[in-house]
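Q: here is my input; please provide its structure:
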Amino acid sequence: MTQLQAIPTDVLQERQQIVLRAKNLQIVDQPTYDEAALAHNTAGYLEKRIEDHYEPMRVATKAAYDTVLKAKKMDLEPVLEVKAILSKALARYSLEQERIRRAEQDRLDKLAVKEAEAKRKAEIEAAKLAGASRQEIKEIKMAPIEVVSPTIDPTHAQSRLVSKPIEQWTAEVMGDEGFMFLVKAVAEGKVQAGLLLPNQVALNQMARTFKDKLDVPGVKPVCEHRTAVRAGI
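A: Model (predicted):
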């Protein structure tokens with residue numbers, strides 16, 4: 001493991017001084033301008049000193065991190081692949097068994113309704129043969145029909161080692177045509193504009209190329225002026 005090395009004392013002291021100077025400095029004339037330019041140059045020098053100090057540690061640490069990450073990925077990959085395969089297979093089987101159970105339950109429910117209706121029809125016919133009045137026949141017809149349907153148990157026992165199938169929904173843009181439909185929907189206000197994220201890297205590159213001539217609908221070129229540290233001064 002790479003050991004973290006402290007920044008040299010002279011860098012820390014100079015950093016503290018430059019921070020205090022910069023915070024209290026206001027450029028109002030040539031002397032203060034020159035002082036700010038010197039402070040800016042010193043800040044650039046300190047930046048390089050600090051970058052150079054940490055860079056070897058960063059490289060060594062990143063190399064070790066990448067090695068560990070690569071080994072972890074290689075060891076995990078076959079396990080995760082098998083886990084995903086089994087997860088989908090278990091879910092498919094459970095869903096199929098539930099489909100079978102529901103289909104059988106539906107069949108028995110419909111059969112029970114038919115049997116109950118046939119029983120009610122037989123009761124009405126028997127009442128008529130027994131000389132029941134119209135009112136009595138009407139009451140028999142209006143009485144709730146009792147439907148008794150057996151409950152079908154699950155066709156398999158749910159393992160305690162896995163959960164029941166869980167729905168996982170994702171969204172997929174259907175190619176270039178689908179993307180254009182999405183753009184149109186955003187333009188018409190049907191969906192939020194945040195669904196279309198601008199390619200800021202590409203836009204910044206175009207801005208550096210075309211500068212104030214950048215011509216992209218909905219985008220404006222922005223120029224910020226900064227000073228740069230001159231090396232070797």
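Q: for the spatially most central residue of the chain, grab phi and psi.
A: Centre of the chain computed as the mean C-alpha position; nearest residue by C-alpha atoms, centre = their mean is residue 170, 8.7 Å away. Dihedral angles of residue 170 (phi, psi; degrees, to the nearest 10) stand at phi -130, psi 160.
Q: same question for residue 154.
A: As for residue 154, its main-chain torsions (degrees, to the nearest 10) stand at phi -50, psi 140.
Q: for the helix or strand in which residue 75 is found, packing partners?
A: Using DSSP states H and E, residue 75 sits in helix 30-129. Judged by 3 or more C-beta pairs under 8 Å, 6 or more residues apart in numbering; DSSP states H and E, helix 30-129 is in contact with helix 9-24, helix 134-142. No exception for glycine: its C-beta is placed from N, CA and C like everyone else's.
Q: pLDDT averaged over it, what's the number?
A: Helix 30-129 shows a mean pLDDT of 91.
Q: distance of the residue of the chain most remote from its centre from residue 92?
A: Going by C-alpha atoms, centre = their mean, the residue of the chain most distant from its centre is residue 131, 72.7 Å out. Look at residue 131 and residue 92: by C-beta to C-beta, to the nearest Å, they are 61 Å apart.
Q: one more: residue 79?
A: 21 Å.
Q: same check, this time on residue 152
A: Computed as C-beta to C-beta, the residue 152 to residue 92 distance reads 20 Å.
Q: how does this protein divide into domains?
A: Split into domains by automatic domain parsing, the chain comes to 9-169, 171-233.
Q: highest mean neighbour count out of those domains?
A: Of the domains of the chain, the one with the most neighbours on average (mean count of other C-beta atoms under 10 Å) is domain 9-169, at a mean of 12.
Q: next one: it to chain centre, how far?
A: In terms of C-alpha atoms, centre = their mean, to the nearest Å, the centre of domain 9-169 is set 9 Å apart from its chain centre.
Q: ok, now stretch 8-27?
A: Distance of stretch 8-27 from the chain centroid (C-alpha atoms, centre = their mean) equals 43 Å.
Q: tell me the mean pLDDT for it?
A: Taken as a whole, stretch 8-27 carries a mean pLDDT of 89.
Q: who touches that stretch?
A: Residues from elsewhere that reach stretch 8-27 (C-beta atoms under 8 Å, 6 or more residues apart in numbering): 32, 33, 35, 36, 39, 42, 43, 46, 49, 50, 53.
Q: repeat that for 10 Å
A: Stretch 8-27 is contacted by residues 6-7, 32-40, 42-43, 45-47, 49-50, 53 when judged by C-beta atoms under 10 Å, 6 or more residues apart in numbering.
Q: for residue 133, what are its contacts?
A: Residues in contact with residue 133, defined by C-beta under 10 Å, 6+ apart, are 127, 139.
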